[in-house]
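K.L.:
quick one, what's the 3D model for this:
(one chain, ligands or ions: 1)
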Amino acid sequence: MKDMTKHSYSAVALAAVGLMAFAGCSMQPKQASIGGSTQGGNSLSGGGQGGALLGGQGGTTDGNAGSPAAGSPGAGDTGIGGNPTGGSPTGGDLAGGSVAGGIPTGGTLVGGIPTGGTLAGGIPTGGTRTGGAVAGSSSTGGVIVGGSIAGGAKTGGTTSAGTIAGGSVAGGTKTGGTTSVGGATTSSSAPIVSCTSYTPPSAATYKIPTPMTPVDTQATQLISQMATTDQINILSGDHTTNPYATAGVAFRSLGVASLNIPNYPMRDGPRGMRNIMPGDVSTCFAVAEARAASFDLDLEYQVGNLQGREMRAAKNELALAPVINTLRHPRWARAQETYGEDPVLLGEMGAAYVRGMQQPGGCAACPKHYVLNDTDNNRMQANPNVDMQTLRENYSRPFEITVKKGDPACIMAAYNMVNGTHCTENKAILGDILRTQWGWGGFVVSDWSAAQAGHGAASINAGLDLEMPVPSAFTTLSSDLQAGTLTSATLTASATRVMNARTKFKDLDATYMASTANFSLAGAQEAVTLAERTELEGAVLLKNDGILPLGSLATTVGSGSPNAKIIAIVGPDNNLPVAPTAMQNNQKSFVSGLGDRGSSQVVAPHAVSYAQGLQAHAGGLTIKQSADSSAAAGADVVIIPVSMAHEDEGESYGGGADRQNMNLTTTHPIHWTTTLGMLPAAFIKSVAAINPNVIVLLNVGSAIIVEDWMASAKAIVQTFYPGQEGGTALAALLFGDTNFSGKLPFTVGQNEADYPQFQNSGSAAATIDYYHGYRLFEKNAKPVRYWFGYGMSYTTYSYSNPQVLCSNSTIPATGALNVQVTVQNTGKVAGDEIVQLYIGYPNTKAPKRPVKELKAFTRVTLAPGASQNVQLSIPATDTAYWDTTNNKWTVESVAHTALVGPSADPTKLLSATFTIQ
Ligand code: BGC
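P.N.:
Residues are numbered from 1 along each chain as shown. Purely as a prediction, here's the structure:
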């Protein structure tokens, strides 16, 4: 109830992913990335947007091996081996030769010097390429904006927001894209990683932009000038005025007017900045679960960074994001907001987002909800009963990684209890683990109305600093001081922590304070490109019986159903996604296809629907749409988007709730029953009877059991909620312009009964089992349909020669585990493969351990036929378990197994043995 009140107001208103390259021993590094940065890489690239090139000035427009000079080849012309210079080619294909100064539109260039278009194997010199994909080229100078280049070399010039993988980059400036973190220029020399001691891959990668310790002197000075009542005030939400009445400000805590300290404004994430007032828009990215599927830490860094800058431009100073709760069960209402089931993936993604967001020009981040907030219907009463090994390894671990590798300004304490005590007053959780053991110096905010009325002293003494959205527990702080249950030192320490975050992020700088809010970043090209990339990398191809890619109506890297000319998009969700307005976000019946309309709601400046994206992609295409199956007959392919809505899986207020089950057969999506009178499982089968070329899009936040209808779909894509550019990205993926690379951040079983208990009602203690996700399925040998880490592409990869480097199979406990495996692209098109390192514990003496668990991952880009020695490195201490006898992380001096491969599927992993001493 408390929460509903709050939100109704708003309606007005490698381990360390150690992917690093290491040279050492006899190995020569090729490429590595940690935390998203490519190190030692050699390659580059950029991309182009769509087009082709062509042409030139020459009299011979069709120019086979000719040298046309002067003249402009017309649409559809093909220049082979020519040397067009200048001109404005449109359409057509050029192979070999060079083009300088032309403005190509459409078509394909092989071996030329393109400006714009899709280039394979060319040598661009000068000029500007925007978007598109380049494989195996070298570029000297020039400007590349967006797109991707695999292989080749880039020397000088500027690349922004593109993807560069493999190859070498020398000089020049790279902004955005996969090979850089925070726009830093990447180095072409690989870092050397010792095997006897672990060194994080590069200072730049893990550099904490705004460390919370030591405390800022400006904060200390301001606190020293505050009366006790001022200190109490800044620890609470603004209860003096309506906090929702100021345009663009959702929530705020109090400032101190006499010291010219304004209120502290804060807004939600994590798929974009939350919007409250009309006209207040922000970039809508694919949801966090999709971004987790990218396993791309640099991408998440960029998302955090852009959201941070949007927040700052909107005059917002604290972002209530990211969510890093472990997805224990896929039915959790807020699954879409988090990064999946694995603690290392969660923690690394959270840290990357925080590092991006907390850069200068961004704002403070607040990872949430600490801890064990993984049911929603009873989130305010839930009382998980958890042993310390389970807590430390699986549930607080994402927070530990994010705190240590991101140093967020804030952590949000969850609604629920842990072992009988509310998180907001749980000293073991807040004071002992978070502050003392992890040594973190930020402040703790309560989830909204999570602190218990009248429990001021208990909460602040346990480690809570700021109560939102209004004081309820903290109304007692004055009397607590008088009663001696609270000391002024404790009060001042909390006030200092809050002030420290504000001064560290320059919230009190005069220029910033005098500025006005603006929302222009949302529609900017940079935001559009990044939002599209979140879906391009995050969509997961689950099944493909050869129907994809769609064929050659447009540039394609694949060969699927040739020349699909009529595409039908059918079912109640055929028009999704659409951008909601602020008002529509509050309508119960409104389905946007962009995700929840709880606290993570975003009003995007626009949204590209799947139909619009496909139509824009290929002009000659006929798109037919119907809310029933009528458009299916006679089409070449039939696409069935299936989207959940707030009422199916949405934060539990205003009609949101946990999912009632994991299938598409009995309940969800609820709006299908009301609009079509049929649920997707039955509809998919009925459409397949009319037209067998069915592609199902799962526009859903987490796992769906597909057993009873999968045979009726030739392809299944988990699009997740795809963000504002979802339609554009999906078209590029379905046609094969961009290869699929996303991999599942959770396990899709065959039976819901094989998942852990999901107790989402009442306050009776629910025992949290040690095992969940792939750990549980593997332990119980239950059938899995799609393993954690699984995802198909239009090419194939082979793995060989797994090795533990530099060790003679023995590693000091303070050292590094360096694992290498050779990965080859054995198919016909370029692709990004996500390589995963798990550690297995066949000889463990611990009371319990999973068969294996993820420890590191990286993306590598491979041209057809190319192979690469991929290296992953973790500190040996990352193999530790939480020993409840000694209350500490303990490394076992026994033989372990390093398992490397494409997913958690045990049959796909290669192994090498090592021992830690
Ligand atoms: C949610 C938080 C959110 C807060 C403010 C709560 O109900 O659980 O995630 O940050 O509201 O909107």
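K.L.:
measure whichever residue of the stretch 801-917 of the chain sits closest to the ligand to Lys828 for me?
P.N.:
In the stretch 801-917 of the chain, the residue that lies nearest the ligand is Leu854 (25.7 Å; C-beta to the nearest ligand atom). Any C-beta I mention is one placed from the backbone N, CA and C, and that applies to glycine too. Using C-beta to C-beta, to the nearest Å, we find Leu854 at a distance of 30 Å from Lys828.
K.L.:
looking at those two, which is more packed in?
P.N.:
Leu854 (26 against 13; other C-beta atoms under 10 Å).
K.L.:
work out for me the element the more buried one sits within.
P.N.:
For Leu854, the element it lies in under DSSP states H and E is strand 852-862.
K.L.:
ok, Thr674 next?
P.N.:
Following DSSP H and E, one finds Thr674 within helix 670-675.
K.L.:
neighbouring contacts of that helix?
P.N.:
For helix 670-675, the external contacting residues (C-beta atoms under 8 Å, 6 or more residues apart in numbering) are 571-572, 589, 591, 627, 642, 645, 647-648, 678-680, 683.
K.L.:
and this protein, which residues reach the ligand?
P.N.:
Residues of the chain lying close to the ligand by C-beta under 6 Å from any ligand atom are Asp3, Asp268, Leu320, Lys368, His369, Asp447, Trp448, Ser599.
K.L.:
circling back: specify the angle between the helix or strand that the strand holding Leu854 is followed by and strand 852-862 in degrees.
P.N.:
Following strand 852-862 in sequence order, the next helix or strand is strand 867-875 (DSSP H and E). Strand 867-875 runs at 140 degrees relative to strand 852-862, counting by axes from the mean of the first three to the mean of the last three C-alpha atoms, to 10 degrees.
K.L.:
and Asn780, how many neighbours?
P.N.:
Asn780 has 9 nearby residues by other C-beta under 10 Å.
K.L.:
got phi/psi on it?
P.N.:
phi -90, psi 0 (degrees, to the nearest 10).
K.L.:
ditto for Phe735
P.N.:
Torsion angles, degrees, to the nearest 10, at Phe735: phi -80, psi -10.
K.L.:
the residue in the stretch 601-750 of the chain positioned nearest to the ligand: what's it in contact with?
P.N.:
Of all residues in the stretch 601-750 of the chain, the one sitting closest to the ligand is Glu651 (6.4 Å; C-beta to the nearest ligand atom). Counting by C-beta under 8 Å, 6+ apart, Glu651 makes contact with Ala333, Arg334, Asp376, Asp596, Gly598, Ser599, Ser600.
K.L.:
out of the residues you listed, who has the most neighbours?
P.N.:
Going by other C-beta under 10 Å, Arg334 tops these with 29 neighbours.
K.L.:
next one: that one from Asp376, what distance?
P.N.:
If you measure Arg334 against Asp376 using C-beta to C-beta, the figure is 6 Å.
K.L.:
in the chain, which residue is closest to the centre?
P.N.:
Most central in the chain under C-alpha atoms, centre = their mean is Arg291, positioned 2.4 Å from the mean C-alpha point.
K.L.:
would you say that one is within a helix?
P.N.:
Yes. Counting by DSSP: H, G, I helix; E, B strand; the rest coil, one finds Arg291 located in a helix.
K.L.:
got a pLDDT number for it?
P.N.:
Looking at Arg291, its pLDDT is 98.
K.L.:
surely it meets Thr534?
P.N.:
Yes. Contact status for Arg291 versus Thr534: in contact at 5.4 Å, counting by C-beta atoms under 8 Å.
K.L.:
anything in contact with each of the two?
P.N.:
Jointly contacting Arg291 and Thr534 under the rule C-beta under 8 Å, 6+ apart are Phe285, Leu299, Val303.
K.L.:
by how many degrees do the helix or strand where the second one lies and strand 852-862 diverge?
P.N.:
Assigned by DSSP H and E, Leu299 belongs to helix 297-313. Between the direction of helix 297-313 and that of strand 852-862, the angle (the same axes, to 10 degrees) works out to 90 degrees.
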